[in-house]
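**Q** any chance you could fold what I've pasted below:
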Amino acid sequence: MTVVSNDPSLWPFISSDLFYSYWMVATGVVVVYDWGQEIELIWRQRWSLMTVLYMITRYIGIPYSIITLLEYIPSVSLTDTVSNIMNYAVNGINVVVAAMLGVIMIARLHAMYQRSRNILIVLVIIFLATNIACGSIAVIALKSTVGEELILSGIYMCDYSSGDPSSFWFR
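**A** Okay, the predicted model is just below:
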């Protein structure tokens, strides 16, 4: 459902959203600027599992940034369905990246403790418990999340609420 309002009491919310969108563009520029050194230091070395995991976590950030930018740039109008799909994608990327970073940390800690099998077992148990819990929480939260298109004083925004479409007004 699209919400249209010209209420002046929402102008601080609009102002903070605009400020946030400027920061999103600035961080995107920093990510693109950093590619020059990465090609020299990462792409030209011998590839290993850690290199592949690094590359995946590094380059999954590009679609993540684009999706997030599209959600927060005020001049881009998104339908409710597109907003929901983008919200699912961002939350799915969060869960996948957290799992990959967990694998990287397990590998580093396992090496740091001289490849101790006991440490590896403890780390894998903790890793599985936290990732199963986080994945379950994400799925439960996404089931009841509703995306809305907001047009506030002529500026397009996306808002996510927990099932009740009127929850935007009770912040």
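
**Q** Leu150 falls within a strand, correct?
**A** Yes: the assignment for Leu150 (DSSP: H, G, I helix; E, B strand; the rest coil) places it in a strand.

**Q** so the closest residue to Gln45 other than its chain neighbours is in which element?
**A** Closest residue to Gln45 apart from its sequence neighbours, by Cβ to Cβ, 6 or more residues apart in numbering: Thr51 at 6.8 Å. Where C-beta positions appear, they are placed from N, C-alpha and C, glycine not excepted. Thr51 belongs to helix 49-59 when elements are defined using DSSP states H and E.

**Q** distance between that helix and the chain's centre?
**A** 17 Å (Cα atoms, centre = their mean, to the nearest Å).

**Q** report the buried residues of it.
**A** By neighbour count on 16 or more other Cβ atoms under 10 Å, the buried set for helix 49-59 is Thr57.

**Q** does the residue nearest to Gln45 touch Ile42 like I think?
**A** Yes: in this structure Thr51 lies within contact range of Ile42 using Cβ atoms under 8 Å: 6.8 Å.

**Q** Asn6: neighbouring residues, count only.
**A** 10 (other Cβ atoms under 10 Å).
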